[in-house]
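Chemist: Sequence plus the predicted model coming up.
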Protein chains: 2
Amino acid sequence: MKYAGFSRRALIGGAGAGLAVGATAGALGRAVAVPRQPHPVALGAARVDFHGRHQAGITQPQQARVQLAAFDLAPGADRKAVQALLRQWTATVRDLVLGEPGGPHENQIALDAGPCSLTVTLAVGASLFDKTGLTAHRPPQLAPLPAFPQDAIDRSRSDGDLFLQIGADDALVAFHALRMLQQQAAGTAAVRWQAAGFSRTPGATAQPRTARNLMGQVDGTNNPKPTDADFAAKVFATGPDWLAGGSYLVFRRIRMLLDDWEALPTDRQERIVGRRKADGAPLSGGTETTPVDLAKQNPDGSLAVPADAHIRIAAPSANGGAAMLRRGFSYADGTRPDGSPDAGLLFLAFQADPAHGFLPVQRSLSRGDVLTTFLRHEASGLYAVLPGVADGDGYLGQALLEA
Amino acid sequence: MKYAGFSRRALIGGAGAGLAVGATAGALGRAVAVPRQPHPVALGAARVDFHGRHQAGITQPQQARVQLAAFDLAPGADRKAVQALLRQWTATVRDLVLGEPGGPHENQIALDAGPCSLTVTLAVGASLFDKTGLTAHRPPQLAPLPAFPQDAIDRSRSDGDLFLQIGADDALVAFHALRMLQQQAAGTAAVRWQAAGFSRTPGATAQPRTARNLMGQVDGTNNPKPTDADFAAKVFATGPDWLAGGSYLVFRRIRMLLDDWEALPTDRQERIVGRRKADGAPLSGGTETTPVDLAKQNPDGSLAVPADAHIRIAAPSANGGAAMLRRGFSYADGTRPDGSPDAGLLFLAFQADPAHGFLPVQRSLSRGDVLTTFLRHEASGLYAVLPGVADGDGYLGQALLEA
């Protein structure tokens, strides 16, 4: 199916590789002191490759918008039904990330827009394996996360047999992908829970910057970088065979007690985190990217980074080298009955093995981290992120479902 | 208060009027087929004038993100307290729309970003007048909206003494403004309800286009244009004196029955709306901007635009010339207990007088519009949008509160 007179694939083809092209559409006629630019084609035309050893949506920067959705299989849905669904989802995602329509019952919500860096990342939860006769293939890494002392987990907003992370720089494009995939699941799987989040819109800052969370803190500085020699070892799973090139994803819905947090003076917030708020530099000095010097002392002999500072307790050196690639999005879902904001972080972290990533770090944080007292973990998920699909023939999850 | 080493005002000054400037920050190192451009400064640097006869956020195109919040006065808060709050809000908004910090207890959530076309639009509800000894000044246009047949209004998500529409092209910038203003209200007014919505991200489409709603339909084609000779007469109130240059705003939270809607074939959807889905052209022919020909017949003698089509029933000619400036945003708040999407339209319409805007149109729609059967109005508000502030001395609502 193609839209009459409008091929988004053609639009993108015209954009070339990283070059801004024409389509400067004249002034917008806004009564503004500094008007928005004529719409640049670049944000809409940007597309992320679907095919590869790894799925998209892991190493790419957060998009402006995310839709998360977990699905449970419908009663009676068996392995064959899941195969059919994942075949269809794979075909649909292949089209959607090119800016093409989503197949039958296309709702046209994303029409006019380019792919806007759309990525769809599919993962499976531990509960899928028994339901599809694949119990023997469930890796021990998918064992349920332990309860941590401050947890207040709502299981109806946690877990799930299947999990989708849908990111795009345009909210309509992300919603469109969600609806298309949700429709195609009808009869096989239904949404268990759903959450929407946001990060910076490209161009909001003069230069690319590490994003801030809703506490105002630069968040993500210490992430492994794709250029690091040990990046793949930290982020991607090497086995079992069906998961090689995949990853483990920990999801936590972390509400922030913003009324309490914002009442603290900035310097107190900075000692709790261990970084300066304005630029994200560690309190041991330097700039955002300067490695933290945990031994550094102030002139009075006190530790520059306090003993209970978040970055000290979460440091890889304090957690057996634990590392994970965090890719969280903020959420703001209005006001709770007590008047406080229902807002915080949709924490998403990819790792080769939770036992060397989220688990040791969260165990440490839950024991001694002051920041944790301003946070409430309200939902949780642990998923195996399927490997990528190498070319046009395969489908996501094929190696597992045909095992 | 200024941030050390970083003046967002300076950043904006450097951007000039509508010119893209340097700050092209090199490749982003994304593993993408067509990478996003180096962040253009334009989206972030775009700013909307605060001062003027009208408030900002009415005639400007929808931003990518909106936060709506209604407040109720705290028990005991009197007119003087409201004056003080509106003075502070005005001063804060003046700074925020320039990309400056929000004053005391600045939470730094928007730090690094430009103003991103931020607008904050303040309105008052009918309930404010009795509480502040201003009953005699309440205009008859603020009389409660009547109940329409399909209404299912939740009053806890409706109404309110004060109302803020906060729009920006970056979600963090919008949330930051909301938090700053909410903090400043502490003790005087508390959030009654809140909602977040979205529209297109600038640049998502190759050229500026009328936005689509979550039904996939182009929505807003027939809006009055600022260049129309009668634009001001349709949109802005001329009195009472304290409201001259202001407007009336109708808010409706309209949930869309998307599961039902998406099950319809496209041609059925088009006959229900009266426009082609792909390009928004009326079924009487032409392009999106071609005026609809309600008399036009198909070769078989039937009406090209069906008798019960939305655009026929909502047409100004069918409603005594009624007109309003719609500026709605989509919302998608996850899944309802029955599994259907909690998604739809945060309908916002500005008009000189609801009796010649929303009221006659909604009365007609609720009687004979097929589209209405796919919609549920779940929240409602009617507000007087205060006039703008001419210069640096005044504050929003001054003429009313000092009446």
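Modeler: Nice, I can see it.
Chemist: show me the residues around the nearest residue to A:T238 once chain neighbours are set aside that make contact.
Modeler: Using C-beta to C-beta, 6 or more residues apart in numbering or on different chains and skipping the chain neighbours, the partner closest in space to A:T238 is A:A244 (5.6 Å). No exception for glycine: its C-beta is placed from N, CA and C like everyone else's. Residues near A:A244 by C-beta atoms under 8 Å, 6 or more residues apart in numbering or on different chains: A:A237, A:T238, A:P387.
Chemist: Pull out the buried residues from those residues.
Modeler: A:A237, A:P387 (16 or more other C-beta atoms under 10 Å in any protein chain shown).
Chemist: how near is the residue nearest to A:T238 to chain B?
Modeler: For A:A244, the distance to chain B (C-beta to the nearest C-beta, to the nearest Å) stands at 19 Å.
Chemist: And that residue, its phi and psi?
Modeler: phi -60, psi 120 (degrees, to the nearest 10).
Chemist: what does A:V120 give?
Modeler: Here is the backbone geometry of A:V120 (degrees, to the nearest 10): phi -130, psi 120.
Chemist: Need the phi and psi values for A:Q83.
Modeler: The phi/psi pair for A:Q83 (degrees, to the nearest 10) is phi -60, psi -50.
Chemist: you'd agree it is up against A:L401?
Modeler: Yes - taking contacts as C-beta atoms under 8 Å, A:Q83 lies within contact range of A:L401: 4.8 Å.
Chemist: Settle it for me: which of the two has more neighbours?
Modeler: Neighbours per residue (other C-beta atoms under 10 Å in any protein chain shown) separate A:Q83 from A:L401, with A:L401 holding more: 24 against 17.
Chemist: Give me the distance between that one and A:G220.
Modeler: Relative to A:G220, A:L401 is positioned 34 Å away (C-beta to C-beta, to the nearest Å).
Chemist: Which stretches in chain A count as strands?
Modeler: For chain A, the strands defined by DSSP state E cover A:65-73, A:119-125, A:162-168, A:189-198, A:247-256, A:325-326, A:329-335, A:341-351, A:375-385.
Chemist: will you turn these into CSV that also has mean neighbour count, mean pLDDT and distance to chain B?
Modeler: Putting these into CSV (neighbours: other C-beta atoms under 10 Å in any protein chain shown; pLDDT from 0 to 100; distance: least, C-beta to the nearest C-beta, whole Å) gives the following:
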stretch, mean neighbour count, mean pLDDT, distance to chain B
strand A:65-73, 24, 98, 7
strand A:119-125, 26, 98, 10
strand A:162-168, 28, 98, 9
strand A:189-198, 22, 97, 4
strand A:247-256, 24, 98, 11
strand A:325-326, 22, 98, 13
strand A:329-335, 22, 95, 4
strand A:341-351, 24, 98, 7
strand A:375-385, 23, 98, 12
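Chemist: which ones are touching the residue nearest the centre of chain A?
Modeler: Central residue of chain A (C-alpha atoms, centre = their mean): A:R327, 4.3 Å from the mean position. Listed by C-beta under 8 Å, 6+ apart, the contact set of A:R327 reads A:G57, A:I58, A:Q62, A:L348, A:A349, A:F350.
Chemist: can you tell me how far the closest residue to the fourth one other than its chain neighbours sits from chain B?
Modeler: The reference is to A:L348. Excluding its sequence neighbours, the residue lying closest to A:L348 (C-beta to C-beta, 6+ apart) is A:R327, at 4.8 Å. Separation of A:R327 from chain B (C-beta to the nearest C-beta): 13 Å.
Chemist: again, but for A:A352
Modeler: Here the criterion is C-beta to the nearest C-beta. By it, A:A352 lies 18 Å from chain B.
Chemist: What is the neighbour count of that residue?
Modeler: 22.
Chemist: Tell me both backbone torsions, phi and psi, for it.
Modeler: Here is the backbone geometry of A:A352 (degrees, to the nearest 10): phi -70, psi -30.
Chemist: so what's it up against?
Modeler: Taking C-beta under 8 Å, 6+ apart, we find A:A352 in contact with A:A233, A:K234, A:V235, A:F236, A:A237, A:T238, A:S247, A:Y248.
Chemist: tell me which parts of the stretch 251-400 of chain A are close to chain B?
Modeler: Residues of the stretch 251-400 of chain A lying near chain B by C-beta under 8 Å from any C-beta of the partner chain: A:258, A:262-263, A:266, A:277-279, A:330, A:332-335, A:339, A:341, A:343.
Chemist: Out of the residues you listed, flag the one nearest to B:R376.
Modeler: Using C-beta to C-beta, A:G334 comes nearest to B:R376 of those, at 18.5 Å.
Chemist: Am I right that the closest one is in contact with B:A195?
Modeler: Yes - the pair A:G334 and B:A195 passes the contact test of C-beta under 8 Å, sitting 6.5 Å apart.
Chemist: need the helices for the stretch 51-200 of chain A, in chain order.
Modeler: Taking DSSP state H, counting those that start in this stretch to define them, one finds helices in the stretch 51-200 of chain A at A:79-96, A:127-131, A:171-185.
Chemist: how about a markdown table for those, with distance to chain B added?
Modeler: Below are these laid out as a markdown table (distance: least, C-beta to the nearest C-beta, whole Å):
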| stretch | distance to chain B |
| --- | --- |
| helix A:79-96 | 13 |
| helix A:127-131 | 18 |
| helix A:171-185 | 4 |
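Chemist: Relative to A:A70, which of the ones you listed is closest?
Modeler: helix A:127-131 (10.0 Å).
Chemist: who's in contact with the closest one?
Modeler: A:72-73, A:77, A:82, A:134-135, A:137-138, A:142, A:159-162.
Chemist: Centre of the chain to stretch A:272-285, how far?
Modeler: Chain-centre distance of stretch A:272-285: 24 Å, with C-alpha atoms, centre = their mean, to the nearest Å.
Chemist: again, but for stretch A:362-372
Modeler: The mean C-alpha position of stretch A:362-372 is separated from the chain mean by 22 Å, C-alpha atoms, centre = their mean.
Chemist: residues near A:R209, how many?
Modeler: Neighbour tally, A:R209, other C-beta under 10 Å: 18.
Chemist: Just give the nearest non-adjacent residue to it, would you?
Modeler: B:D112 (4.9 Å).
Chemist: so that neighbour touches A:T205, yeah?
Modeler: Yes - if you go by C-beta under 8 Å, B:D112 and A:T205 touch, sitting 4.6 Å apart.
Chemist: Could you pull up the contacting residues of A:Q217?
Modeler: A:Q269, A:V273, A:R275, A:K277, A:G280, B:Q108.
Chemist: Need those in TSV (columns: neighbour count, distance to A:A185 and pLDDT).
Modeler: Shown next, in TSV, are the contacts of A:Q217 (neighbours: other C-beta atoms under 10 Å in any protein chain shown; distance: C-beta to C-beta, whole Å; pLDDT from 0 to 100):
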residue	neighbour count	distance to A:A185	pLDDT
A:Q269	21	43	97
A:V273	24	40	97
A:R275	26	42	97
A:K277	21	43	96
A:G280	21	40	96
B:Q108	20	41	95
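Chemist: Closest one of those to A:L172?
Modeler: Nearest to A:L172 out of the contacts of A:Q217 is B:Q108 (C-beta to C-beta; 29.6 Å).
Chemist: my read: the closest one touches A:G216, true?
Modeler: Yes - here B:Q108 reaches A:G216: they are 3.6 Å apart, a contact under C-beta under 8 Å.
Chemist: which neighbours do those two share?
Modeler: Residues touching both B:Q108 and A:G216 (C-beta under 8 Å, 6+ apart): A:K277.
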